[in-house]
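Asker: Below: sequence and its predicted model.
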Amino acid sequence: MSDLILTEKRGLNAVPETIGATLQHQRSNLLRLVTQLDPAGWTAKSRCTAWSVHDVVRHVVNVAELHVALLSGSPQIERFLRHGPFLPATTPLLWLADSPEQSPEETVQTLTALMERERELFQARAAEPEGPLMPAPSGRQLHWSTLSLHILWDAWIHERDVALALGLKPESRAEDFPLVTMYGLLLAGGVGVLAGNPPAATLVLRDTIKSRYEIGVAEDDVFVVAGVDGDAQGHGAAGEVLDSLSGREPDLAQALTAPGPVRASLGVLRRVM
């Protein structure tokens, strides 16, 4: 396969259905994980220390509901916008507070139904004209399918928040989800641009099919290319780097061996998270 290219404003240089299918794959993995949990597993602490495993899955449901509203143009989108600009430390808590209490079984049923609705709406949206760019939680403007990748990235990280906290291996491995690695870098690059610290580097990340990722900016459009050649300015394991960029352990200096300016640009996201 030729190099994969992802940009904020133009999306992926592959059919959008690739993103939809990858999201469905990850959703299936998460549902398979949580349907095996006993009551103690649902109430256990996740890697998000203020949240139980059930809280994390309820948050994934919230974001799936947001995704459905975005894809369908539903007025339900106002439920997620009424709290103002997205703030990682507080907005998800407000969304949870707005959500009805559910048993674990009801949460699984809701996510299963949302997964099917996402599939239908994504396929329909992919058949339509491009449309305008959409505002993202990062504060950047994104192609509609790139915004769907944000939904996938968020769910992938939260699957790890559940599995790793329970001493399990996440089924959605970095090597099977190169689009998550690409979007995680794209998100970090976009936040770096907003902070006046745009990215420009090639990274070699272990545990991925496409091991070399170039990240940069052209005409105010952050891009990530997977499968590039040439010298690398950074090295690390994909899962650890993505965890670190999203505010989890380890620290970025431990996860990514790179010159200070490279870590400074990508690390803006970690500070925001």
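Answerer: Perfect, I can see it now. Residues are numbered from 1 along each chain as shown.
Asker: Can you pull the phi/psi pair for the closest residue to Lys9 other than its chain neighbours?
Answerer: Distance criterion CB to CB, 6 or more residues apart in numbering; nearest residue to Lys9, sequence neighbours excluded, is Asp221 at 4.6 Å. Yep, even glycine has a C-beta here, placed from its N, CA and C like the rest. Dihedral pair for Asp221: phi -120, psi 110, per degrees, to the nearest 10.
Asker: what pairs with Asp221 across the strands?
Answerer: Beta-bridge partners for Asp221, by DSSP bridges, are Ala218.
Asker: How about Gly11?
Answerer: According to DSSP bridges, beta-bridge pairing links Gly11 with Thr7.
Asker: So the residue nearest to Lys9 sits against Leu6, correct?
Answerer: No. Assessed by CB atoms under 8 Å, Asp221 is found out of contact with Leu6, at 10.5 Å.
Asker: quick one: which of these two has more around it?
Answerer: Leu6 (28 against 16; other CB atoms under 10 Å).
Asker: which residues touch the more buried one?
Answerer: Applying CB atoms under 8 Å, 6 or more residues apart in numbering, we find Leu6 in contact with Leu12, Asn13, Thr146, Leu149, Leu179, Met182, Tyr183, Leu186, Phe223, Val224, Val225, Ala226.
Asker: now these in JSON lines, with pLDDT and secondary structure?
Answerer: Listed next are the contacts of Leu6 as JSON lines, based on pLDDT from 0 to 100; DSSP: H, G, I helix; E, B strand; the rest coil:
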{"residue": "Leu12", "pLDDT": "97", "secondary structure": "strand"}
{"residue": "Asn13", "pLDDT": "96", "secondary structure": "coil"}
{"residue": "Thr146", "pLDDT": "98", "secondary structure": "helix"}
{"residue": "Leu149", "pLDDT": "98", "secondary structure": "helix"}
{"residue": "Leu179", "pLDDT": "96", "secondary structure": "helix"}
{"residue": "Met182", "pLDDT": "97", "secondary structure": "helix"}
{"residue": "Tyr183", "pLDDT": "98", "secondary structure": "helix"}
{"residue": "Leu186", "pLDDT": "98", "secondary structure": "helix"}
{"residue": "Phe223", "pLDDT": "98", "secondary structure": "strand"}
{"residue": "Val224", "pLDDT": "98", "secondary structure": "strand"}
{"residue": "Val225", "pLDDT": "97", "secondary structure": "strand"}
{"residue": "Ala226", "pLDDT": "95", "secondary structure": "strand"}
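Asker: Would you mind giving those as TSV with neighbour count and distance to Pro92 added?
Answerer: Shown next, in TSV, are these (neighbours: other CB atoms under 10 Å; distance: CB to CB, whole Å):
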residue	neighbour count	distance to Pro92
Leu12	21	26
Asn13	13	31
Thr146	28	21
Leu149	25	18
Leu179	24	22
Met182	25	23
Tyr183	27	18
Leu186	27	21
Phe223	21	28
Val224	27	25
Val225	19	31
Ala226	22	29
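Asker: now those residues as a markdown table including distance to Pro198?
Answerer: Output for the contacts of Leu6, formatted as a markdown table (distance: CB to CB, whole Å):
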| residue | distance to Pro198 |
| --- | --- |
| Leu12 | 21 |
| Asn13 | 21 |
| Thr146 | 17 |
| Leu149 | 20 |
| Leu179 | 22 |
| Met182 | 17 |
| Tyr183 | 17 |
| Leu186 | 12 |
| Phe223 | 11 |
| Val224 | 13 |
| Val225 | 16 |
| Ala226 | 19 |
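Asker: For the stretch 151-273 of the chain, which segments are assigned as helices?
Answerer: Residue ranges of the helices in the stretch 151-273 of the chain, as given by DSSP state H, counting those that start in this stretch, are 178-194, 238-245, 252-255, 260-266, 268-272.
Asker: which other helices and strands contact the third one?
Answerer: For helix 252-255, the contact count by 3 or more CB pairs under 8 Å, 6 or more residues apart in numbering; DSSP states H and E identifies helix 238-245, helix 260-266 as packing neighbours.
Asker: Which positions in the last one come out as buried?
Answerer: Which is helix 260-266. By neighbour count on 16 or more other CB atoms under 10 Å, the buried set for helix 260-266 is Val262, Arg263, Ser265, Leu266.
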